[in-house]
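**Student:** With the input below, show me the fold.
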Amino acid sequence: MTSYEQQRGLWVPDGAQSSRSSLSMQDFADMFSFGGTSYPLLQTSMGSLNEEAIGATLSQVARSNGPVFALTEARMQLFAQGRFQWTRFERGAPTDLFGSPELGVLERPWPGATTADLLARMELDITTAGNSYTRRLRRNRQSRLVRLRPEWMYIILGSEEDAERPEEAADVELLGYAYRPPNGQMTVLLPDEVAHYAPLPDPDAVYLGMSWLTPVIRDISGDNLMTDHKRAFLRNAATPNMVVRFDPGISVQAVKDFKEVFEAEHRGAWNAYKTLYLGGGADAKAVGADMKQLDFAVVQGKAESRLASAAGVPPSWVGFSEGLQGSALNAGNFTAARRRLSDGTLQHLWGSAAASLEVLLDRPDDGASLWVATKGIPFLHMDAQDAAKVQSTEALTITALVRDGFTAQSAIAAVQTSDWSRLVHTGRVSVQLQTPGEGGDGGSSGSDGSAGEAPQGGSAT
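**Tutor:** Residues are numbered from 1 along each chain as shown. Below you'll find the model as predicted:
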C-alpha cells in the first residue's frame with residue numbers, strides 16, 4: 001500500500017482535496033481575529049482587502065514582486081556558477097577533486113544547455129515551489145536530464161507498519177515518484193531515476209521542501225500593497241483615509257445611498273487617494289497618513305530587509321536601501337555580509353544540490369562523492385587576499401614542525417586537516433636532522449664530530 005504526497009499537500013486517489021490551499025490576502029487578514037473581534041493588522045478605515053489578493057502560486061509572486069525577483073536573481077546568478085567534480089572524504093573533509101566521463105551529463109544536461117542552465121532551473125524551482133525534480137532519461141545509449149515541473153510531482157511513500165497513512169508511520173520509506181501532468185498520463189519513477197533537490201525542509205511534510213518565500217508571504221503582500229498605494233497616490237493626487245460625518249437632519253436612507261456611492265468610488269487600494277467630493281450635510285475628516293507621515297521609504301525598506309534575510313542574501317548585495325546606508329557599507333561589515341552569502345547560503349545550497357544529483361550518476365568507486373568546484377567563481381575570489389594570509393601562516397607552521405623533527409608529510413597533513421594527532425616525529429631533535437659529516441666546512445671535523453688535531457711533530461699556526 002502506498003500514498004501519494006504532492007508538492008503542496010497529500011493527494012489521495014479517491015478525489016479528496018489537498019490538505020493545503022493557497023490563501024488570499026483577506027484570508028491572511030482573517031487570521032487576526034478572536035472572539036468575534038478583528039485585530040486590523042492588514043485593515044484600515046479603507047475596509048476589506050478582498051480586491052488585494054496575492055497570486056495563487058509563488059511563481060506569480062516571483063514574477064510580480066520586484067524585491068523577490070532581485071533576490072531570486074542574486075541567488076541564481078551565484079549558485080549557477082558552480083561546477084561538479086568528484087572528491088573523496090578523509091576525516092570528514094574533501095580531498096582532491098577529479099572528473100570522469102559520467103559527469104558529462106551534468107555538463108551538457110540537455111541539448112543547448114550547460115551546468116549553469118541546470119543549476120539555474122533548480123534554484124528557480126526551489127524558490128517558487130520549494131522542491132526541484134530532475135530525471136535522467138537513458139535511451140538509445142544516450143542519456144540526458146529532464147526537468148520535471150514540481151506542481152505535477154507526487155512522492156510515493158510506503159510502510160509495513162501503517163500502510164493506510166505511511167507518511168505518519170515510524171518506518172516510512174521513499175518508494176518512488178509519480179509525474180502526472182494535467183492532460184497527460186502518470187509516469188511512475190524509481191528513487192534512483194529522480195534527483196529531488198529540497199535544501200529547505202518543510203517542517204510539516206515528509207520528504208518535502210519549503211520555499212524561502214513561504215515564511216515571508218505576508219511581507220511580500222505588504223510590499224505589494226505599498227507599491228499599489230504609491231501608484232494610486234501619484235496617479236490620483238492624494239487624500240488620506242476619511243471618516244464622513246453627516247448632519248443630524250440627514251435621513252438614514254440618504255446616508256445609505258451616499259455610503260453606497262462613496263464606497264463604489266473610493267473603497268480599496270485601487271481607488272485610494274482619489275479626490276473626494278462631498279454634498280451638503282457631509283463632513284469628511286482625515287484619519288490616515290500620507291506617505292510622508294507614514295515614512296514610506298523606511299517602512300518599505302524594512303520589508304525589503306526581511307525578505308533578504310529569508311533569502312539568505314545581504315541587502316547590500318541586491319541594492320536594497322537598508323543595505324546602502326550607515327555602517328553597512330564599511331569594509332568590515334561589507335566583507336562579513338559577503339561571507340554570510342558565500343560561506344552560509346551558497347555552500348549549503350551547493351552541498352545539497354550535489355547530494356541530490358549524485359543518485360543519477362554511476363560513481364567511479366565506492367569512496368567517491370559528488371562535489372561542487374568553486375575555484376573559478378569570481379565572487380569567491382574576493383577572499384583571495386585572506387586566503388593568501390592563511391596559506392602563509394600554514395606554511396610557516398609546517399616549516400616550524402619540520403624543523404622541530406616531525407616528518408614533512410605528517411606536518412602537511414596535520415595542518416591541512418587541523419588534526420595534530422597525525423603528526424609523526426622522526427625521533428631526532430632539530431640539530432640532529434642532518435647526518436653528521438654532510439654540509440660541513442670541508443673536513444674541519446673528524447668522522448666522530450670532534451675538532452681535528454695538529455700533525456705530530458709540528459706546531460699549530
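**Student:** what residue ranges in the chain score low on pLDDT?
**Tutor:** By pLDDT under 70, the low-scoring segments of the chain are 1-57, 233-242, 266-297, 323-332, 382-385, 430-461.
**Student:** Show me the helices in it, by range?
**Tutor:** 25-30, 58-64, 66-79, 104-107, 115-128, 217-236, 252-266, 291-294, 296-311, 331-339, 347-357, 378-381, 384-403, 408-417 (DSSP state H).
**Student:** so Phe406 touches His425, yeah?
**Tutor:** Yes: Phe406 lies in contact with His425 (CB atoms under 8 Å); the separation is 5.5 Å. Yep, even glycine has a C-beta here, placed from its N, CA and C like the rest.
**Student:** More neighbours: these two, which one.
**Tutor:** Phe406 (19 against 12; other CB atoms under 10 Å).
**Student:** how near is Val424 to Ile412?
**Tutor:** 11 Å (CB to CB, to the nearest Å).
**Student:** Please say which of these two ends up with more neighbours.
**Tutor:** More crowded of Val424 and Ile412, by other CB under 10 Å: Ile412, with 18 against 14.
**Student:** check contacts around the nearest residue to the more buried one once chain neighbours are set aside.
**Tutor:** Residue nearest to Ile412 in three dimensions, not counting chain neighbours: Ile398, with 5.9 Å by CB to CB, 6 or more residues apart in numbering. Taking CB atoms under 8 Å, 6 or more residues apart in numbering, we find Ile398 in contact with 408, 411-412, 415.
**Student:** looking at those, which has the most residues close by?
**Tutor:** Ala411 (23 neighbours).
**Student:** That one touches Gly405, doesn't it?
**Tutor:** No: Ala411 lies out of contact with Gly405 (CB under 8 Å); the separation is 10.0 Å.
**Student:** ok so, going back, most packed of the helices of the chain?
**Tutor:** Using mean count of other CB atoms under 10 Å, the stretch among those with the largest mean neighbour count is helix 115-128, at a mean of 22.
**Student:** which residues touch it?
**Tutor:** So helix 115-128 is contacted by 57-59, 61-62, 72, 75-76, 79-84, 106-107, 109, 131-134, 145, 147, 150, 197-200, 209, 211-213, 349, 353 (CB under 8 Å, 6+ apart).
**Student:** 6 Å instead, please
**Tutor:** Residues from elsewhere that reach helix 115-128, judged by CB atoms under 6 Å, 6 or more residues apart in numbering: 58-59, 62, 72, 75-76, 79-80, 83, 106-107, 109, 132, 147, 150, 197, 211.
**Student:** Run through the residues that contact Asp223.
**Tutor:** With contact taken as CB under 6 Å, 6+ apart, Asp223 is in contact with Ala303.
**Student:** any idea how far Gly249 is from it?
**Tutor:** Taking CB to CB, one finds Asp223 at 45 Å from Gly249.
**Student:** One more: Ser211?
**Tutor:** Separation of Ser211 from Gly249 (CB to CB) stands at 58 Å.
**Student:** Repeat that for Arg144.
**Tutor:** For Arg144 relative to Gly249 (CB to CB), the value is 80 Å.
**Student:** again with Leu380
**Tutor:** Counting by CB to CB, the gap from Leu380 to Gly249 is 76 Å.
**Student:** Turn the helices of the chain into JSON lines, columns for distance to Glu167.
**Tutor:** What follows is these, written out as JSON lines (distance: least, CB to CB, whole Å):
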{"stretch": "helix 25-30", "distance to Glu167": "25"}
{"stretch": "helix 58-64", "distance to Glu167": "23"}
{"stretch": "helix 66-79", "distance to Glu167": "30"}
{"stretch": "helix 104-107", "distance to Glu167": "31"}
{"stretch": "helix 115-128", "distance to Glu167": "21"}
{"stretch": "helix 217-236", "distance to Glu167": "24"}
{"stretch": "helix 252-266", "distance to Glu167": "47"}
{"stretch": "helix 291-294", "distance to Glu167": "46"}
{"stretch": "helix 296-311", "distance to Glu167": "27"}
{"stretch": "helix 331-339", "distance to Glu167": "38"}
{"stretch": "helix 347-357", "distance to Glu167": "20"}
{"stretch": "helix 378-381", "distance to Glu167": "40"}
{"stretch": "helix 384-403", "distance to Glu167": "46"}
{"stretch": "helix 408-417", "distance to Glu167": "41"}
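**Student:** for those, which one sits closest to Thr95?
**Tutor:** helix 408-417 (9.0 Å; CB to CB).
**Student:** contacts for the closest one?
**Tutor:** 91, 93, 394, 397-398, 401-402, 420, 422-424.
**Student:** let's see it at 10 Å
**Tutor:** With contact meaning CB atoms under 10 Å, 6 or more residues apart in numbering, helix 408-417 is reached by 90-93, 95, 393-404, 406-407, 419-426.
**Student:** and the angle for that helix with helix 384-403?
**Tutor:** 140 degrees (axes from the mean of the first three to the mean of the last three CA atoms, to 10 degrees).
**Student:** Can I get helix 408-417 in CSV, CA atoms only?
**Tutor:** Presented in CSV, the C-alpha positions along helix 408-417 are these (Å, rounded to 0.1, in the frame of the first residue of the first chain):
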residue,chain,number,x,y,z
ALA,A,408,57.1,16.7,6.3
GLN,A,409,54.2,14.5,5.2
SER,A,410,52.7,14.4,8.7
ALA,A,411,53.2,18.1,9.2
ILE,A,412,51.3,18.9,6.0
ALA,A,413,48.5,16.5,6.8
ALA,A,414,48.1,17.9,10.3
VAL,A,415,47.9,21.5,9.2
GLN,A,416,45.5,20.8,6.3
THR,A,417,43.1,18.8,8.5
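**Student:** where do the contact lists of Ala411 and Gly405 overlap?
**Tutor:** Residues touching both Ala411 and Gly405 (CB under 10 Å, 6+ apart) are 423-424.
**Student:** separation between the residue nearest to Ala198 when sequence neighbours are not counted and Phe84?
**Tutor:** Nearest non-adjacent residue to Ala198, counting by CB to CB, 6+ apart: Gly209, 2.6 Å away. Counting by CB to CB, the gap from Gly209 to Phe84 is 20 Å.
**Student:** about what we covered before: ok, Arg144 and Gly249, which is more surrounded?
**Tutor:** The neighbour comparison of Arg144 against Gly249 (other CB under 10 Å) goes to Arg144, with 15 against 7.
**Student:** Make sure the more buried one is actually in contact with Gly112.
**Tutor:** No: taking contacts as CB atoms under 10 Å, Arg144 lies outside contact range of Gly112: 11.0 Å.
**Student:** still on that earlier bit, partner residues bridging the residue nearest to Ala198?
**Tutor:** Per DSSP bridges, the residues bridged to Gly209 are Pro201.
**Student:** Compute the distance between it and Ser356, please.
**Tutor:** From Gly209 to Ser356 the distance is 10 Å (CB to CB).
**Student:** Would you mind listing the residues touching both of the two?
**Tutor:** Residues touching both Gly209 and Ser356 by CB under 10 Å, 6+ apart: 132, 196-199.
**Student:** who wins for most neighbours among the residues you listed?
**Tutor:** Ser132 (27 neighbours).
**Student:** Give the bridge partners for that one, please.
**Tutor:** According to DSSP bridges, the residues that bridge with Ser132 are Tyr197.
**Student:** just checking, it touches Gly209?
**Tutor:** Yes: Ser132 lies in contact with Gly209 (CB under 10 Å); the separation is 8.2 Å.
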